[in-house]
Each structure stands twice: as structure tokens, then as C-alpha cells.
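**Student:** kindly generate the corresponding structure for this input.
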Amino acid sequence: MRDTVFTNTPNQMQDIYTRLRSLGFSRPFLRDFILLDWWEDHMASVPANRAIVESILSRQLGLDLPALRDPQGSIVLQPKLAARFKMRSGVDANQLDVAQILAARLATIAASCFDKSLMLKELSAGEIRTHVLKGGVPWIGLEQLLDVCWQIGVPVVHLCRLPSGSKKMDGMLCWAEGRPVIVVSCQRKSPAWQLFILAHELGHIACGHLLPDSPHILDNKVDTDVREQQEKEANDFAVTLLTGHKHMAFRPQSSFLTAPELAEDAKELGTELKIDPGVIALNYSWNQNCFPVAMAALKLIERDTNAADVFRSKYDQLDLDALPQDSRRIYNCLTLTE
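**Tutor:** This next block holds a predicted model:
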């Protein structure tokens with residue numbers, strides 16, 4: 001009887017997985033969302049196959065290819081697009097490298113397969129509001145504002161997937177392929193909540209806070225006073241666009257409202273003032289510091305509407321079939337369109 005020889009075949013991808021895990025990209029995330037669906041790790045034992053994977057990771061994550069090819073090479077995340085963030089509470093811009101890398105990749109893919117002419121001259125909140133309402137809609141909702149963005153040549157994509165444990169921003173504005181692109185990464189289902197994020201990012205465009213030749217990540221580099229002023233300008237733009245008044249504030253006349261009362265009042269006022277009732281509920285929440293009541297009211301107002309579906313309904317304006325297979329896969333995976 002012949003002796004049986006057991007051997008351990010090393011995983012030719014292990015050095016890549018180890019180095020990328022230290023940056024925030026887990027092996028399951030890379031396998032499920034970045035690498036091609038037919039890839040198996042044992043294929044990396046053939047140098048030409050490993051070279052393909054290295055090229056894909058370099059292109060999709062913006063990694064230095066020579067460093068990736070050197071098993072001992074040090075890999076660093078290097079966000080390459082100038083960007084503007086709408087921050088989440090308690091998150092610092094320095095914690096957003098992974099989210100920014102993926103958001104920037106989505107932005108670049110979207111911009112590369114969208115050929116609408118860019119029309120950014122004189123973006124006034126009041127004029128946009130008047131134009132949209134002339135179309136016969138009762139108010140400016142998420143779908144209407146998405147239509148405005150796409151029509152003026154600004155794609156809007158919804159980042160639905162991040163590696164476990166990654167910090168994220170609510171939204172990001174960046175320039176890619178010669179045009180501004182808005183990436184929303186907030187996962188709330190409420191269209192009204194997402195509507196304000198979108199209006200805020202459009203405000204940064206209208207106010208000229210991020211230009212094609214911006215040399216740096218604005219929210220991470222400009223001084224605090226400038227950043228706070230620009231955030232205020234973007235917020236003022238958003239409130240004016242959605243309500244018609246820069247300083248609109250909804251408060252009860254006598255006592256705090258219950259969720260059903262807030263929902264009913266928001267619907268009545270929304271019809272009268274041409275304001276999305278969800279926006280009224282959120283405005284009430286911010287001014288009265290009653291977040292739980294507003295969230296309960298939003299559920300009554302918006303019922304089963306899912307903002308993610310509204311974002312996805314606009315993606316047919318992108319020619320995704322023109323993309324390379326790996327770019328199409330990462331786009332579909334990160335926006336959950338498959």
C-alpha cells in the first residue's frame with residue numbers, strides 16, 4: 001500500500017486578503033461584490049489569473065497596482081476625487097476612506113455611461129421650485145427632485161452596500177468624468193429623509209462649493225468656519241427649494257402633537273403650501289426636538305414607500321451595457337440592482 005502524502009496548498013490570494021482586511025475590506029465583501037462572480041481563489045496559482053484579479057482590485061478600489069502585486073507591499077487607500085460630504089452625526093471625515101472609495105467608484109461608473117449635457121447655470125432654489133410645481137405636481141418629492149438632477153446632467157446613485165463596520169456619510173458630492181455626481185449612502189427608507197439629503201447636495205452644486213478643479217477633499221481640508229458657512233448655505237438652499245422659504249419652521253400652536261395628529265396636520269399643510277408632508281414632519285421634529293414622534297408620523301404618511309426603489313427607478317438613463325463586466329458587476333452589487 002502506498003503512503004498517502006498530505007500537502008497544504010497555500011492560498012495565493014491570502015496576502016491580498018490580509019492587507020485589504022486591514023484597510024476595511026473583508027474577504028467576503030471582496031468575493032461577493034468586487035471580484036467577478038466566477039472567480040475562485042485557487043485560480044490565483046496561475047500568475048496570469050492573479051494578475052487579472054490585481055488589475056480588477058486596482059481599478060475598482062483605486063489601489064496602487066505595483067504595491068498590490070508585491071506580497072510584501074504596503075497598500076494605502078487614496079481617495080482621488082475631490083468630494084463634499086453630508087456627514088452623519090458622530091462620524092469624522094477621516095473615518096470615511098472606505099465609503100468614499102466605493103462612492104467615488106460608483107460616481108465614476110455612472111458618469112462614464114451617462115451622456116446627458118450638463119446644464120448648471122443659475123441654479124436658483126426658487127426657480128427650480130417654481131419650474132417643478134408648474135408641472136402640476138402637488139409638491140416637490142424625492143422623485144421630482146431626482147428628475148431635476150438627471151435632467152440637468154447630474155446623476156444620482158444610491159450606495160447600498162459597504163463592508164461590515166464601515167463608517168459612512170449620508171451623502172457625497174464629487175466630480176467624475178467632467179460632471180458632478182451625487183451619491184446617497186443613507187439607508188433610511190423614508191423618501192422625505194432622502195429628499196433633504198439630495199436637496200442639500202444639490203445646494204452645494206448650486207452654491208459652487210465644489211468645482212471640477214478642486215484640489216482636495218473639501219470637508220477634510222477647508223477651515224471650520226468656511227465649512228460651516230457652506231453647510232448653512234446648502235441647508236438654506238434645500239429648505240427654500242422644498243418649502244419656498246429659507247427659514248420655514250413648523251411648530252404646534254399649543255401643545256406637542258401625537259404621531260397621528262402630526263401626520264394629519266402635515267398632509268393638510270402639505271396640500272395647502274405645496275410641501276411634501278414628510279418634509280413638514282421632519283421640519284417639526286428638528287424644531288421641536290421630537291424625533292420619535294416624527295418617525296412614527298412618517299410611517300403613517302409614507303406607508304410602504306421605499307426610497308431605494310425611487311432611486312433605482314432612474315437608473316435606466318445609464319447605459320450600463322457599455323461598461324466592462326467587472327464595472328457593471330460592482331455597480332449592480334453596490335446599488336442592489338440585481
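
**Student:** CA atoms for contacts and neighbours, from now on please.
**Tutor:** Will do.

**Student:** show me the shaky parts of this structure.
**Tutor:** Across the chain, the stretches falling below the confidence threshold (pLDDT under 70) are 1-10, 80-82, 84-94, 213-225, 254, 337-338.

**Student:** helices or strands up against the longest helix along it?
**Tutor:** When the chain is parsed with DSSP state H, its longest helix is helix 224-243. Here helix 224-243 touches helix 125-133, helix 191-206, going by 3 or more C-alpha pairs under 8 Å, 6 or more residues apart in numbering; DSSP states H and E.

**Student:** out of the ones you listed, which comes closest to Met119?
**Tutor:** Proximity to Met119 (C-alpha to C-alpha) singles out helix 191-206 among these, at 11.1 Å.

**Student:** tell me the most buried of the helices and strands packed on helix 224-243?
**Tutor:** Mean neighbour counts were taken over the helices and strands packed on helix 224-243 using mean count of other C-alpha atoms under 10 Å, and the top value, a mean of 24, falls to helix 191-206.

**Student:** check the offset of that one from the chain's centre.
**Tutor:** Taking C-alpha atoms, centre = their mean, to the nearest Å, one finds helix 191-206 lying 11 Å from the centre of the chain it belongs to.

**Student:** check stretch 116-130 too.
**Tutor:** Counting by C-alpha atoms, centre = their mean, stretch 116-130 comes out at 21 Å from the chain centroid.

**Student:** for the helix or strand following the longest helix of the chain, give me every contacting residue.
**Tutor:** Sequence order places helix 259-273 as the next helix or strand after helix 224-243, per DSSP states H and E. Residues from elsewhere that reach helix 259-273 (C-alpha atoms under 8 Å, 6 or more residues apart in numbering): 138-139, 243, 275-278, 280-281, 293-294, 296-298, 300-301.

**Student:** need the helices and strands packed on helix 224-243 in CSV (columns: distance to Tyr331).
**Tutor:** What follows is the helices and strands packed on helix 224-243, written out as CSV (distance: least, C-alpha to C-alpha, whole Å):
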stretch, distance to Tyr331
helix 125-133, 30
helix 191-206, 20
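
**Student:** ok so, going back, most neighbours, which of the contacts of helix 259-273?
**Tutor:** Ala281 (30 neighbours; other C-alpha atoms under 10 Å).

**Student:** how about that residue: what's its closest non-neighbour residue?
**Tutor:** Ala294 (5.5 Å; C-alpha to C-alpha, 6 or more residues apart in numbering).
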